[in-house]
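1. Structural data only, the sequence is not supplied:
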C-alpha cells in the first residue's frame, strides 16, 4: 500500500507564504493498493490537484471514503476531474446521517445554489454507501470504520493490506473521549491523526471536536504506531508554529512524531 498526501490543513484552505512547507489545502489522501487500484480518503481542496494529476485517463473506478461532511472534507469534490468523466464510476463511502441520507446530503452539495450544475448533470456514475461501525473488503484491502468524537456523524478509517495498516483519524477529540478511534490507531504502520490545537487554544475550544497537544501526545504513545503524523493543521498556524507544536507533542508522547505535509509519499511496507 502507498499513500500520498494532497491536503492536510484543517477547517479552511490556507494558501500563502506562511504555509509553503506543509501546505494549505484541506484534507485528502491518495491510496494505491498493491495492484495500483485507487482509493481516496476525504475530498477537501487537495483532491483537486489529485484529479489533475490523474490526467485524461483516470481509473474507471475510484472509491472515496469520507470521514464526515464538514466543508473542509468535501469542498473539493465538485472540482475533482473524474466526476466529469463519463467512463468513471466513483463510489462514495461515508457516515450514516442522523436525519436524511448520505446520498441526499451529497446531492444537495453538488447542486444549486451551492454548485453551478445539477447533480444529475455530472457525467460520472456516482454511487453512495453508508457505513458506521463496519468492516468490509475493497480493492484487496480490509477496511474498518468506527465513529469518533467530533461534531456531527464522523468516522475514522483503518486500511489493512499484507500485514501493514494505515489509520486515518483526521478529526477527533480524545480529551473528552480517550478511547475514541484508538481501536483503529493501535499498532498501525502509519497513523494520521488530528493535532490541531495547542493547550492554550484548546482551553477556549473544548467540544469543537479537535485534539490538543497533550492529549495527542498521550494518544500517540498509547496507539504505538510505527510512524505517527500530526494532521488537520489549524489555518492560523504557520510552518514555524507547526514545527514548535511537533516538538512539544513529541515530549508529551515520549517518541518522535512527524508533521503531515502536502506531497509526502508513504510506502507502508518500507515503514518501521
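-> In hand now; what should we look at? Worth saying up front: this structure is predicted, and the values here are computed from it rather than measured. Residues are numbered from 1 along each chain as shown.
2. Starting from residue 9, give me the distance back to residue 235.
-> Separation of residue 235 from residue 9 (Cβ to Cβ, to the nearest Å) stands at 6 Å. C-beta coordinates here come from the backbone N, C-alpha and C atoms, glycine included.
3. out of the two, which sits in the more crowded spot?
-> Between residue 235 and residue 9, counted using other Cβ atoms under 10 Å, residue 9 has the larger neighbour count: 28 against 15.
4. correct me, but residue 249 touches residue 219?
-> No: assessed by Cβ atoms under 8 Å, residue 249 is found out of contact with residue 219, at 9.9 Å.
5. Quick check: next helix or strand after the longest helix along the chain?
-> If you go by DSSP state H, the chain has its longest helix at helix 239-253. Downstream of helix 239-253, the first helix or strand assigned by DSSP states H and E is strand 258-259.
6. What strands line up against that following strand, and which way round?
-> strand 227-231 (parallel) (DSSP bridges).
7. Skipping adjacent residues, who's closest to residue 160 in space?
-> Of all residues not flanking residue 160 in the chain, residue 142 sits nearest, at 4.3 Å (Cβ to Cβ, 6 or more residues apart in numbering).
8. now the angle from the longest helix of the chain to strand 227-231?
-> Going by axes from the mean of the first three to the mean of the last three Cα atoms, to 10 degrees, helix 239-253 is angled at 130 degrees with respect to strand 227-231.
9. same question for helix 239-253, mean pLDDT?
-> Across helix 239-253, pLDDT averages out at 97.
10. And stretch 104-115, by the same measure?
-> Here the average pLDDT along stretch 104-115 is 97.
11. ok, and for that stretch, which residues are buried?
-> 105, 106, 107, 109, 110, 111, 115 (16 or more other Cβ atoms under 10 Å).
12. my read: the fifth one touches residue 122, true?
-> I take that to be residue 110. Yes: Residue 110 is within contact range of residue 122, at 6.7 Å (criterion: Cβ under 8 Å).
13. next one: the strand or helix carrying the residue nearest to residue 160 to chain centre, how far?
-> Element membership of residue 142 [criterion: DSSP H and E] is strand 141-147. For strand 141-147, the separation from the chain centroid amounts to 13 Å (computed by Cα atoms, centre = their mean, to the nearest Å).
14. Check what contacts the next helix or strand after it and list those residues.
-> On the C-terminal side of strand 141-147, the closest following helix or strand by DSSP H and E is strand 155-161. Under the contact criterion Cβ atoms under 8 Å, 6 or more residues apart in numbering, strand 155-161 has outside partners 1, 31, 33-34, 39, 41, 65-68, 94-95, 131-132, 140-148, 165-170, 172, 181, 184-185, 188, 268.
15. what's the angle between strand 155-161 and strand 141-147?
-> Using the same axes, to 10 degrees: strand 155-161 against strand 141-147 is 160 degrees.
16. Any stretches of the stretch 51-200 of the chain with poor pLDDT?
-> Counting by pLDDT under 70, the stretch 51-200 of the chain shows no low-confidence range.
17. any chance you could map the strands in it?
-> 61-65, 89-95, 125-131, 134-138, 141-147, 155-161, 164-169, 190-194 (DSSP state E, counting those that start in this stretch).
18. can these go into TSV with extra columns for mean neighbour count?
-> Shown next, in TSV, are the strands of the stretch 51-200 of the chain (neighbours: other Cβ atoms under 10 Å):
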stretch	mean neighbour count
strand 61-65	22
strand 89-95	21
strand 125-131	16
strand 134-138	12
strand 141-147	19
strand 155-161	24
strand 164-169	26
strand 190-194	28
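19. Present those strands as JSON lines; the columns should include distance to residue 49.
-> Formatted as JSON lines, the strands of the stretch 51-200 of the chain follow (distance: least, Cβ to Cβ, whole Å):
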{"stretch": "strand 61-65", "distance to residue 49": "15"}
{"stretch": "strand 89-95", "distance to residue 49": "17"}
{"stretch": "strand 125-131", "distance to residue 49": "20"}
{"stretch": "strand 134-138", "distance to residue 49": "24"}
{"stretch": "strand 141-147", "distance to residue 49": "23"}
{"stretch": "strand 155-161", "distance to residue 49": "21"}
{"stretch": "strand 164-169", "distance to residue 49": "19"}
{"stretch": "strand 190-194", "distance to residue 49": "18"}
